[in-house]
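S.K.: Give me the fold of what follows.
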Amino acid sequence: MFKTVLFPIDQSREAREAADVVVNIVQKYGSNLVLLSVVEEVTDSTGSVMTSPETVAQLLENAKSLFSQQGIPSETLERQGKPAFTICDVADEIGADLIIMGCRGLGLTDEGSQDSVTARVINLSPCPVLIVP
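M.R.: Reported below is the predicted structural model:
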């Protein structure tokens with residue numbers, strides 16, 4: 001049913017908690033797992049980029065190792081761009097059957113939850129999206 005599962009990850013607690021659900025679904029359906037980290041170049045007040053390539057590489061390697069310990073092979077992808085749009089573009093590109101992501105209370109604008117990455121992915125996704133609270 002879910003041949004390819006896309007799991008966008010970041011350093012949030014919610015992403016770590018969603019990993020358990022990813023393990024269960026991937027094992028149950030024998031899915032291919034693709035781990036994605038989206039780097040949104042944000043600069044601080046001094047003009048330096050706040051996310052280093054080393055940090056992202058380490059995040060992906062740690063996630064890959066976590067799933068490997070569960071007997072789940074995974075592919076890792078690192079992309080640059082706006083997170084919601086990039087997640088949906090990658091899902092379309094790899095033919096994902098499901099996106100699993102954590103629900104985050106962070107990253108909202110003053111406009112409210114309609115502008116969260118999660119809400120945008122739900123609205124733009126080319127496939128079903130499972131949000132883990």
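
S.K.: so where do the helices sit in the chain?
M.R.: For the chain, the helices defined by DSSP state H cover 13-29, 53-69, 83-94, 117-124.

S.K.: Now render those as CSV, adding mean neighbour count.
M.R.: C-betas here are computed from N, CA, C, even on glycine. Converted to CSV, those look like this (neighbours: other C-beta atoms under 10 Å):
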stretch, mean neighbour count
helix 13-29, 16
helix 53-69, 14
helix 83-94, 19
helix 117-124, 18
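
S.K.: So for residue 100, which of those helices sits nearest?
M.R.: Counting by C-beta to C-beta, residue 100 lies closest to helix 13-29 out of these; the figure is 5.2 Å.

S.K.: Tell me which other helices or strands the closest one touches.
M.R.: The contact analysis (3 or more C-beta pairs under 8 Å, 6 or more residues apart in numbering; DSSP states H and E) places helix 13-29 against strand 4-8, helix 53-69, strand 98-102, strand 129-132.

S.K.: which one of the ones you listed has the lowest average pLDDT?
M.R.: Lowest mean pLDDT within the helices and strands packed on helix 13-29: helix 53-69, at a mean of 91.

S.K.: Check which helices and strands that helix sits against.
M.R.: Helix 53-69 sits against helix 13-29, strand 32-39, strand 74-80, with contacts defined as 3+ C-beta pairs under 8 Å, 6+ apart.

S.K.: With mean pLDDT and distance to residue 54 as extra columns, can I get the ones you listed in JSON lines?
M.R.: Putting those into JSON lines (pLDDT from 0 to 100; distance: least, C-beta to C-beta, whole Å) gives the following:
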{"stretch": "helix 13-29", "mean pLDDT": "94", "distance to residue 54": "19"}
{"stretch": "strand 32-39", "mean pLDDT": "94", "distance to residue 54": "12"}
{"stretch": "strand 74-80", "mean pLDDT": "95", "distance to residue 54": "11"}
